[in-house]
Every structure is written in structure tokens, then in C-alpha cells.
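Trainee: A predicted structure for the sequence below; I have some questions about it.
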Amino acid sequence: MTKEKLKQYRQELHQIPELAFDLFKTHAYVKEKLEQLGYQTQTVAKTGLIAVKEGKLKEAIAFRSDMDALPVTEKTNVSFASKHDGNMHACGHDGHMAMLLGFAEYVSQLKEINQTIVFIFQPAEEGPGGAKVILEEGIFEKYQIQKIFGIHLYPGLEEGLYGLVNGPMMAQNGEFNLTVTGKSAHGAQPHLGSDAVLAASYLVTQYHHIVSRFIDPLDPVVVTIGTIEGGEARNIIAQEVKMTGTIRSFNQINYEKIKQKMRNIDEGIEKAYDVKVNNDIIDYYPPVINDEHLFEMLKNSLNQRQYQFLRPMMFAEDFAFYQQKVPGMFVMLGTKNESLAYVHPLHSCYFNFREDVLIKGVELYIHIGETLKLF
């Protein structure tokens, strides 16, 4: 597997970003490449793909790449920019697919391997969660998957370094859609209405008090309100305000406490401001928790110059669903390169990286295989 081939994979995939489960061009591209390597493929989760290299042992080790993009308008000005207006591979999944295709090519050239290897190309990581669907379709039972590994590109780490975390790595997340409904009135007669803007303003303040006053300050949690819109005109008491936000926690007890406090605040604001609060909280992904034994295996088998320990992050990742089923290890691969201005965060319209780094991902997959004596 050459750097040029990885670059080609990445740049061709970068031009066809698609969302959620509707990855028809991406599916066709990955399927073609896998079949050219001699694999038979199985379609899962609508547009996901499974490829298998059978070993002497039927019990399998899985390696996973996500496939979907984001509804982001690209502003990188690269020659291989997105051809799908309004969509962009702003989270590096194009690179993830390139790395796993590179590893699949390496494995395809091995005449015989000791243990079965399963390659999982998964849709809808950005939402609503393709990993859960793949599990529900019985893929892990069918192939007797015992462990799983994944890599994520990360601009918060110097280019080429592996980012390792033992135990909790990424947070559990919930998303909420909230509506405050009041009663409209003339702005000169506020006493005749129920002001949804005033109620919503107080609600925002109270939500942010949850973290500072009801959660142990040593426990990392986040409550973020990301959007707010409402009102009709400057001289009208607002009848409706809509907000959206997210909850993040590594601890299930804290996560449930946050939700309960939000409901308590909602009820109090309804009574205090004579409004109605409708808060739809949707539980998304569990926390990513790396297996201690797999972490120790990687840490002890790599040279210390190759990796850096990372603190847990408040990102969410549906790789967590796999880890609820079998031991798993999720690794960050640094892409930060200040000399080339590759410093923009994940999900940024400017996110980019040097394709040379992708060979490091393939090398890590190979290293894991050798360490586990898969081949």
C-alpha cells in the first residue's frame, strides 16, 4: 500500500460526501475497491459494507471505519473539494475509509492468516448512529467478533502521533429540542401576555447552573445550548421561542441527573412565567470506554515516541455501541501541521490534513494485527 494510493482513495472519496444512511455513491466506491482486492462484500445498515478475510480461527477481530459526511459547506479551496454542495467530509471520514481500504489491501495479499479479520465500513456515525443498526443486524454474532479497533483523525494532536486513552475517552451524549410557548401581546402592554423570550432567557441561565451547582466539580459534564430563535417583531411580546442543545457526560448517573434537573427547571419556569415548556431530550450514544487490556497492549508494544496520552474528550462517537458488545480500542491519529495551516478543528469548513499521515493509520492497523498474532 503506497501513500499515493491512500491519497487517491482519500481525495476521490472527499469529492462525494453524503449524509447519514444515504451513502449511495460512497457505498458503490468502497464496494468496488474491496471487490477489486478480491473480497466478497455484504451490505449492512442500508449503505454500510462488511468484508471478511477468513483465518484458521473463525472467531474474528474487527476493524471499523465510518463513512458519512456532514452538512457543511466546504471552504478549503482544494482541487478535490466536495462536488456535493452543502456537504463536506469535515470530520475526516474520507481518511478513515482510505486507511481501512489500505489495511484491507495489505491483508488481501497475505496467503494465510491465523484469525479471521472483519472490515466494517459503517454509515451514519454523525447521526443517527449506524453502529447500533449493525449490531441489531447480528453482524457480531454472525462473524463471532471478539474485539474491535478504530482510528479517528484528530487535529488536536501533532501529525503522525497516536493518541491513547485508557478507559473513558469520549462522552455519552443527548440532544434536546425545546420550545417555550407563551402568549402574544403588544410590546407596550406586556402584562397582557406571557413572554416566551423572558422565560427562555431565565431557562438558559438555570440550565447552566446545573453544571456549576448540582454536579461534582471533579466530574466532567457539559450542557450546551447551541441555537435559539423566537419572537415576531421588536414591539410584540414573543409567543414562542425554540432552542436546541446537547448534554455530555462520562457518567450515566450524572447524565440522568442532568436530565432530571432540566425537567425540574422546565416545570418551575412554567409556573413562574405562565408558559409551556416542551423539552424533547433524545438519548444518542453511550460513552466510548477503551478496554484496559487493549490499551496496555498498545502502550507496551509501541515506542514511546509514537504516541501521546490524551485526556478524555467531550466528543461523542457511536463506536461506543460496539464497545458495549465486545472489548474495543479507539485511537486518535494526529493531523496537526502548523506549517501547512492544518490546525482547524473537526467539523470546521476548513478542516484538512496531509494525506501522508494516512500511512500511519495503516501501519497501526498492521501493528495491531501483528501484536495479536492475527497473521
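Mentor: Received the coordinates, thanks.
Trainee: now the strands for the stretch 1-150 of the chain?
Mentor: For the stretch 1-150 of the chain, the strands defined by DSSP state E, counting those that start in this stretch cover 41-44, 48-53, 57-66, 115-122, 145-158.
Trainee: To Lys242, which of those lies closest?
Mentor: Ranking the strands of the stretch 1-150 of the chain by proximity to Lys242 (Cβ to Cβ) places strand 57-66 first, at 29.7 Å. Bear in mind the C-beta positions are built from the backbone N, C-alpha and C, glycine included.
Trainee: partners of Val277 in the sheet?
Mentor: Val180 (DSSP bridges).
Trainee: give the contact list for it.
Mentor: 178-181, 199, 203, 266-267, 269-270 (Cβ atoms under 8 Å, 6 or more residues apart in numbering).
Trainee: What about the residues you listed, which are in helices?
Mentor: 199, 203, 266-267, 269-270 (DSSP state H).
Trainee: neighbour-wise, which of those leads?
Mentor: Within the ones in helices among the contacts of Val277, most neighbours by other Cβ atoms under 10 Å means Leu203, with 27 neighbours.
Trainee: quick one: contacts for that residue?
Mentor: Applying Cβ under 8 Å, 6+ apart to Leu203 gives the contacts 178, 180, 243, 265-266, 269, 277.
Trainee: For Asn303, state which of these is nearest.
Mentor: Asn303 has its nearest neighbour among the contacts of Leu203 in Met243, at 48.3 Å by Cβ to Cβ.
Trainee: In TSV: the strands of the stretch 1-150 of the chain, plus mean neighbour count, distance to Glu229 and mean pLDDT.
Mentor: Shown next, in TSV, are the strands of the stretch 1-150 of the chain (neighbours: other Cβ atoms under 10 Å; distance: least, Cβ to Cβ, whole Å; pLDDT from 0 to 100):
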stretch	mean neighbour count	distance to Glu229	mean pLDDT
strand 41-44	16	38	98
strand 48-53	23	35	98
strand 57-66	20	31	97
strand 115-122	24	33	98
strand 145-158	21	30	98
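Trainee: low pLDDT regions in the stretch 51-200 of the chain?
Mentor: The stretch 51-200 of the chain contains no residues with pLDDT under 70.
Trainee: For it, which segments are assigned as helices?
Mentor: Counting by DSSP state H, counting those that start in this stretch, the stretch 51-200 of the chain has helices at residues 93-108, 130-136, 139-142, 196-214.
Trainee: same check, this time on the stretch 251-375 of the chain
Mentor: With helices called from DSSP H, counting those that start in this stretch, the stretch 251-375 of the chain shows them at 252-273, 292-301, 319-325, 358-371.
Trainee: Would you mind giving these as JSON lines with mean pLDDT added?
Mentor: Formatted as JSON lines, those follow (pLDDT from 0 to 100):
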{"stretch": "helix 252-273", "mean pLDDT": "97"}
{"stretch": "helix 292-301", "mean pLDDT": "98"}
{"stretch": "helix 319-325", "mean pLDDT": "98"}
{"stretch": "helix 358-371", "mean pLDDT": "98"}
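Trainee: Provide the partner residues of the nearest residue to Glu54 once chain neighbours are set aside in its beta bridges.
Mentor: Using Cβ to Cβ, 6 or more residues apart in numbering and skipping the chain neighbours, the partner closest in space to Glu54 is Thr116 (5.2 Å). Bridge pairing for Thr116 (DSSP bridges) gives the partners Ala60.
Trainee: coming back round to it: put together a markdown table for the strands of the stretch 1-150 of the chain, with distance to Glu136 on each row.
Mentor: Output for those, formatted as a markdown table (distance: least, Cβ to Cβ, whole Å):
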| stretch | distance to Glu136 |
| --- | --- |
| strand 41-44 | 10 |
| strand 48-53 | 12 |
| strand 57-66 | 16 |
| strand 115-122 | 13 |
| strand 145-158 | 14 |
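Trainee: of all those, which lies closest to Tyr307?
Mentor: Closest among the strands of the stretch 1-150 of the chain, once you apply Cβ to Cβ, is strand 145-158, at 9.6 Å.
Trainee: which ones are touching the most centrally placed residue in the chain?
Mentor: Closest to where the C-alpha atoms of the chain average out (Cα atoms, centre = their mean) is Glu317, at 3.6 Å. Taking Cβ under 8 Å, 6+ apart, we find Glu317 in contact with 125, 152, 170, 285, 288, 330.
Trainee: 10 Å instead?
Mentor: Glu317 makes contacts with 66, 125-126, 129, 131, 150, 152, 169-171, 173, 285-288, 323, 330, as judged by Cβ atoms under 10 Å, 6 or more residues apart in numbering.
Trainee: just to revisit the earlier point, of the helices of the stretch 251-375 of the chain, which is nearest Val78?
Mentor: helix 358-371 (15.5 Å).
Trainee: The closest one - contacts with which helices or strands?
Mentor: helix 3-14, strand 57-66, helix 93-108, strand 115-122, strand 145-158, strand 162-164, helix 292-301, strand 328-336 (3 or more Cβ pairs under 10 Å, 6 or more residues apart in numbering; DSSP states H and E).
Trainee: Turn these into JSON lines, including distance to Ile139.
Mentor: Shown next, in JSON lines, are these (distance: least, Cβ to Cβ, whole Å):
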{"stretch": "helix 3-14", "distance to Ile139": "23"}
{"stretch": "strand 57-66", "distance to Ile139": "9"}
{"stretch": "helix 93-108", "distance to Ile139": "16"}
{"stretch": "strand 115-122", "distance to Ile139": "7"}
{"stretch": "strand 145-158", "distance to Ile139": "7"}
{"stretch": "strand 162-164", "distance to Ile139": "27"}
{"stretch": "helix 292-301", "distance to Ile139": "20"}
{"stretch": "strand 328-336", "distance to Ile139": "14"}
